[in-house]
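[1] Just need the structure, nothing else, for what follows:
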Amino acid sequence: MIGRSQIFRLTSIVFLLLMTGCSSGKVKLEKSFWSNNSMKIGIAVKTSPQGGAYREGGEGLLDMAINSATSSGIQKFLANFDVSKFTAIQDSFASSLKKAGFTSKKLSYPFDVDQFEEFEKPDKASGHFAKYDFSSLSSKEDIDLLLLVTINRFGTNRNYWGFVPMGAPRAIFYVTGELFRLKDHQVLWLETLGSEMGINGDWDQEPNYPNVTKAIHAAMEKASNDLVLNFTKSEYLRSNFVSVVVKI
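    You can find the predicted model right below:
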């Protein structure tokens, strides 16, 4: 039987996949990619959204108003939560790519995709394409490929039955990784995944919520490592080196 937390993870991932602008949820990186290490790769982390105190379960309008009011403290805290430590994922990707013989560079954080025009997919073209036209980065940053990491959603999730909380909140962190070929905007790799962690001890510790902070950092670290491992899990890399682990 599928539990509520599993349903939340599944529905969240489906929603976040739609937000990537691609027609399907995953694009597996071809093993042949690793044999052409003459390409230069830029690694960027997209501007982060605000954190949130998410809820799931059966809520009426009155329940929603009550639950919003009672969670306003943590919501305010999460809205200002600093996720800059997540940029350590750039170092992990760079180290893995270097061991495979690629040249890479870290692009400035935060990477604002809104500075780019939307890309219009060519008629009758097959495959997956970038939502934005990143081609100017080829000359500006001297790169052939863009590896873009997006924080889709992070914060906490809590089950409710009406206005009654069904347990403590859990820390969540959802991310997407994409690899674009700049000359034709094609997506070579696309993966969205998430991590959910329990909060040890008392969670309702205003104003700094130290236990919530620790749990979000743990979820962040797991999501980071899972994404890098997904990218580098080809048979070539498994036989030649172990991916560098992100430490938050």
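[2] Any regions of the protein where pLDDT drops low?
    1-24, 55, 57-72, 160-166, 234-248 (pLDDT under 70).
[3] ok, longest helix in it?
    Using DSSP state H to define each element, the chain has its longest helix at helix 210-231.
[4] which of the residues in that one are buried?
    Applying a neighbour-count criterion of 16 or more other CB atoms under 10 Å, one finds 211-231 buried in helix 210-231. In short, each C-beta sits where N, CA and C put it, glycine included.
[5] How about stretch 180-195?
    Result for stretch 180-195 [16+ other CB under 10 Å]: buried residues 180-182, 185-195.
[6] Give me the most central residue, this structure.
    The centroid of the chain falls nearest to Val175 when counting by CA atoms, centre = their mean (1.3 Å).
[7] Now do the contacts for Ile74.
    Ala53, Thr156, Pro169, Asp204, Glu206, Tyr209, Val212 (CB atoms under 8 Å, 6 or more residues apart in numbering).
[8] Which residues does stretch 136-143 contact?
    Contacts of stretch 136-143 (CB under 8 Å, 6+ apart): Lys40, Ile41, Gly42, Lys105, Leu107, Phe116, Asp144, Leu146, Leu182, Lys183.
[9] which element is the closest residue to the fifth one other than its chain neighbours on?
    It stands for Leu107. If the residues on either side of it in the chain are set aside, Leu107 comes closest to Ala44, at 4.1 Å by CB to CB, 6 or more residues apart in numbering. Using DSSP states H and E, Ala44 sits in strand 40-45.
[10] Repeat that for Lys98.
    Assigned by DSSP H and E, Lys98 falls in helix 88-99.
[11] So which bits of the top strand by length along the chain are buried?
    In the chain, taking DSSP state E as the definition, the longest strand is strand 145-161. Counting neighbours by 16+ other CB under 10 Å, one finds that the buried residues in strand 145-161 are 145-160.
[12] now the angle from it to strand 40-45?
    If you take axes from the mean of the first three to the mean of the last three CA atoms, to 10 degrees, strand 145-161 sits at 20 degrees to strand 40-45.
[13] So what's the residue count around Asn80?
    8 (other CB atoms under 10 Å).
[14] Look up how far Arg153 lies from it.
    16 Å (CB to CB, to the nearest Å).
[15] do the same with Ile43
    Taking CB to CB, one finds Ile43 at 21 Å from Arg153.
[16] For the helix or strand hosting Gly177, C-alpha coordinates in PDB please.
    For Gly177, the host element (DSSP H and E) is strand 170-181. Written as PDB, here are the backbone C-alpha positions of strand 170-181 (Å, rounded to 0.1, in the frame of the first residue of the first chain):
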ATOM      1  CA  ARG A 170       9.700  16.300   7.500                       C
ATOM      2  CA  ALA A 171      12.500  18.100   5.600                       C
ATOM      3  CA  ILE A 172      12.300  18.000   1.800                       C
ATOM      4  CA  PHE A 173      14.600  19.000  -1.000                       C
ATOM      5  CA  TYR A 174      13.800  18.500  -4.700                       C
ATOM      6  CA  VAL A 175      16.300  19.200  -7.600                       C
ATOM      7  CA  THR A 176      16.600  18.900 -11.300                       C
ATOM      8  CA  GLY A 177      19.800  18.400 -13.300                       C
ATOM      9  CA  GLU A 178      20.000  19.100 -17.100                       C
ATOM     10  CA  LEU A 179      22.800  19.000 -19.600                       C
ATOM     11  CA  PHE A 180      22.300  21.200 -22.800                       C
ATOM     12  CA  ARG A 181      24.300  21.200 -26.000                       C
END
